[in-house]
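Peer 1: need coordinates for the following:
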Amino acid sequence: MRVLVVTAVPAERDAVTRAFGDGTRVTVRRVPGAELHRVRASGGPGGPGVAIDVLAGGAGPAAAAAATAFGLASGPASAMPGDAPGPTPGPGSGAAPDGSVSGPYAPGSAPHGLPPASYDLVVSAGIGGGFVPAAPVGSLVVASGIVAADLGAETPEGFVPVTGLGFGRDRHVPPRSLVRDVTAATGALPGEILTVSTVTGSAERAAALLAAHPRAAAEAMEGFGVAEAADRAGVPVLELRAVSNAVGPRDRDAWRIGDALTALTGAFGKLLPVLEGWTRHDRHHA
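Peer 2: The predicted model follows:
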């Protein structure tokens with residue numbers, strides 16, 4: 001199982017990798033425009049293991065889409081869980097100055113007789129705003145739908161989504177079986193996660209979003225961009241958010257970014273058995 005996790009910023013990326021150890025099992029691979037932080041994880045003896053690459057792609061849907069596309073086009077490292085740990089991340093680790101790759105990332109060195117393969121899943125992950133009272137600060141939300149909430153046009157009658165204009169799309173639906181299993185494993189709330197280019201800062205805007213998307217549980221800035229890139233590569237997508245603040249008036253004193261990052265680490269620590277148990281049949285038919 002090979003998973004690409006895309007966050008906005010390095011703090012979120014590191015919160016994900018911390019779920020799988022103290023950092024000594026992380027190897028850095030440079031790809032155009034980003035670094036892939038690889039962790040090797042196994043849910044137990046004899047398990048198939050999961051190879052997880054995590055990159056911080058930048059804030060907003062455009063940066064997230066570009067970073068995800070580069071990550072997918074570069075392909076996962078051929079090394080699989082069970083290989084010797086790579087070096088601790090640091091300057092020069094994972095790739096030579098000329099961009100060549102050695103060690104666990106050497107091309108053509110797939111262990112266990114496995115050829116290099118594409119990713120099986122892409123995950124948009126990080127912190128975000130929660131619509132209270134459904135998703136309070138400190139809670140987790142897994143996307144039942146990834147929705148571009150402000151992609152469209154303003155008209156005298158109000159906002160019209162891009163689909164109402166007769167082109168494009170404004171949502172992606174993650175595999176239902178995976179959403180169900182992630183919900184059970186992490187205690188996350190399943191609900192739509194809205195992707196916005198401008199974070200909500202007023203009660204009026206929060207109310208308008210909920211009126212347009214009554215199943216919304218959270219908002220963030222990257223999910224739809226990640227999903228667009230994953231969909232074009234034919235890879236399933238998931239979005240998982242830890243709530244750091246309430247959607248509405250901006251009150252920085254009430255933000256709990258540290259607590260949300262801790263919750264994100266805890267969530268990924270519980271995801272490993274889910275990912276190992278998510279069968280190929282589920283991937284293609286759920």
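
Peer 1: spatially central residue in the chain, please.
Peer 2: With distances taken as CA atoms, centre = their mean, residue 124 lies nearest the centre of the chain, 1.7 Å away.

Peer 1: and the helices in this protein?
Peer 2: 10-17, 61-74, 176-186, 203-212, 223-232, 257-277, 280-285 (DSSP state H).

Peer 1: for the fifth one, packing partners?
Peer 2: Where contact means 3 or more CB pairs under 8 Å, 6 or more residues apart in numbering; DSSP states H and E, helix 223-232 is packed against helix 61-74, strand 121-130, strand 140-148, strand 171-172, strand 189-195, strand 237-246. Backbone N, C-alpha and C define where each C-beta goes, glycine included.

Peer 1: just the C-alpha atoms of it, please, in CSV.
Peer 2: Extracted in CSV, the C-alpha atoms of helix 223-232 (Å, rounded to 0.1, in the frame of the first residue of the first chain):
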residue,chain,number,x,y,z
GLY,A,223,-8.7,19.6,-0.3
PHE,A,224,-10.4,20.3,-3.6
GLY,A,225,-7.0,21.1,-5.3
VAL,A,226,-5.6,17.8,-4.0
ALA,A,227,-8.7,15.9,-5.1
GLU,A,228,-8.6,17.4,-8.6
ALA,A,229,-5.0,16.2,-9.1
ALA,A,230,-5.6,12.8,-7.6
ASP,A,231,-8.7,12.3,-9.8
ARG,A,232,-6.9,13.1,-13.0
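
Peer 1: and the end-to-end length of stretch 132-140?
Peer 2: Stretch 132-140 has an end-to-end distance of 12 Å (CA to CA, to the nearest Å).

Peer 1: what residues of it count as buried?
Peer 2: Neighbour counts over stretch 132-140 (16 or more other CB atoms under 10 Å) mark 134-135, 137, 139-140 as buried.

Peer 1: just stretch 26-37 next, same as before
Peer 2: Within stretch 26-37, the residues scored as buried using 16+ other CB under 10 Å are 26-31, 34-37.

Peer 1: which of the residues you listed fall within strands?
Peer 2: Judged by DSSP state E, the subset of those located in strands is 26-31, 34-37.

Peer 1: mind putting those residues in CSV, distance to residue 148 included?
Peer 2: Compiled in CSV, these are given as follows (distance: CB to CB, whole Å):
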residue, distance to residue 148
26, 32
27, 34
28, 31
29, 30
30, 30
31, 26
34, 22
35, 27
36, 26
37, 27
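
Peer 1: so which of those residues is the closest to residue 57?
Peer 2: Closest to residue 57 out of these is residue 34 (6.1 Å), distances taken as CB to CB.

Peer 1: let me know whether the closest one touches residue 56 as I believe.
Peer 2: Yes. Applying CB atoms under 8 Å, one finds residue 34 in contact with residue 56, separated by 7.1 Å.

Peer 1: shared neighbours, the two?
Peer 2: residue 67 (CB atoms under 8 Å, 6 or more residues apart in numbering).

Peer 1: which residue packs closest to residue 188, ignoring adjacent ones?
Peer 2: Spatially, and ignoring its direct neighbours in sequence, residue 188 is nearest to residue 140 (3.7 Å; CB to CB, 6 or more residues apart in numbering).

Peer 1: low-scoring stretches of the stretch 1-150 of the chain, by residue?
Peer 2: Counting by pLDDT under 70, the stretch 1-150 of the chain shows low-confidence ranges at 22-24, 42-48, 76-117.

Peer 1: if we go to 90?
Peer 2: Scanning the stretch 1-150 of the chain for pLDDT under 90 picks out 1-2, 20-36, 38-51, 73-118.

Peer 1: what is the burial count for residue 252?
Peer 2: When neighbours are counted by other CB atoms under 10 Å, residue 252 registers 7.

Peer 1: please apply the same query to residue 256.
Peer 2: 16.

Peer 1: let me see the contact set for it.
Peer 2: Contacts of residue 256 (CB under 8 Å, 6+ apart): 137-138, 244-245.

Peer 1: and with 7 Å instead?
Peer 2: Counting by CB atoms under 7 Å, 6 or more residues apart in numbering, residue 256 touches 137-138, 244.

Peer 1: which one of the buried residues of stretch 132-140 is nearest residue 273?
Peer 2: Relative to residue 273, the closest of the buried residues of stretch 132-140 is residue 140; by CB to CB it sits at 16.4 Å.
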